[in-house]
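# what follows is a protein structure lacking sequence information:
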């Protein structure tokens with residue numbers, strides 16, 4: 001599949017250009033996958049709004065990155081694995097913990113419940129095993145957590161699918177986990 005070209009500034013609306021400036025300010029760069037989202041102001045705005053809203057939800061930043069990693073692992077999205085592994089390291093997750101997330105071998109009870117349910121949601125196209133839902137609630141989550149988990153899984157599936165459709169160059173290395 002032919003990769004998408006990154007849009008040129010004249011192809012972007014003023015709103016998208018402002019969003020890109022904000023991303024550059026907060027991330028220090030404009031990741032290529034966000035740049036591709038700029039072809040659709042509605043998609044970029046929706047993605048960023050959902051990501052921002054869910055960042056204020058019940059999951060910690062570490063937990064959100066773990067969700068992104070397991071979703072990207074199931075979907076074999078190398079771009080998102082590279083990005084979220086780098087971000088997970090910034091949250092304090094260790095290389096061994098990230099490797100365990102990718103292998104679905106998380107030892108922490110709460111994080112294990114999150115990762116297993118997210119993985120099952122992706123693999124079953126939204127119909128996870130009931131036992132994994134029960135384990136999620138037994139780990140201390142409420143209905144709000146289940147709703148937000150569905151939102152985060154959907155958010156990362158979108159970015160995984162966008163990469164599969166557009167295979168832009170991965171603009172940062174996948175950290176070595178060995």
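Yep, that arrived. Fair warning: this is a prediction, and the values are worked out from it, not measured in the lab. Numbering: from 1, shown residues only.
# output the contacting helices and strands for the helix or strand residue 161 falls within.
Using DSSP states H and E, residue 161 sits within helix 143-165. Contacts defined by 3 or more CB pairs under 8 Å, 6 or more residues apart in numbering; DSSP states H and E place helix 143-165 against helix 32-37, helix 41-54, helix 61-74, helix 78-91, helix 109-123, helix 130-138. In short, each C-beta sits where N, CA and C put it, glycine included.
# in space, not sequence, find me the middle residue of the chain.
residue 68 (3.4 Å; CA atoms, centre = their mean).
# re the thing from before, I'd like the helices and strands packed on helix 143-165 laid out as a markdown table, including distance to residue 154.
A markdown table is the format used below for the helices and strands packed on helix 143-165 (distance: least, CB to CB, whole Å):
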| stretch | distance to residue 154 |
| --- | --- |
| helix 32-37 | 15 |
| helix 41-54 | 8 |
| helix 61-74 | 9 |
| helix 78-91 | 14 |
| helix 109-123 | 9 |
| helix 130-138 | 17 |
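# now mean pLDDT and distance to residue 18 too, for those, in TSV please.
Output for those, formatted as TSV (pLDDT from 0 to 100; distance: least, CB to CB, whole Å):
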stretch	mean pLDDT	distance to residue 18
helix 32-37	94	13
helix 41-54	96	11
helix 61-74	98	25
helix 78-91	94	22
helix 109-123	98	32
helix 130-138	97	38
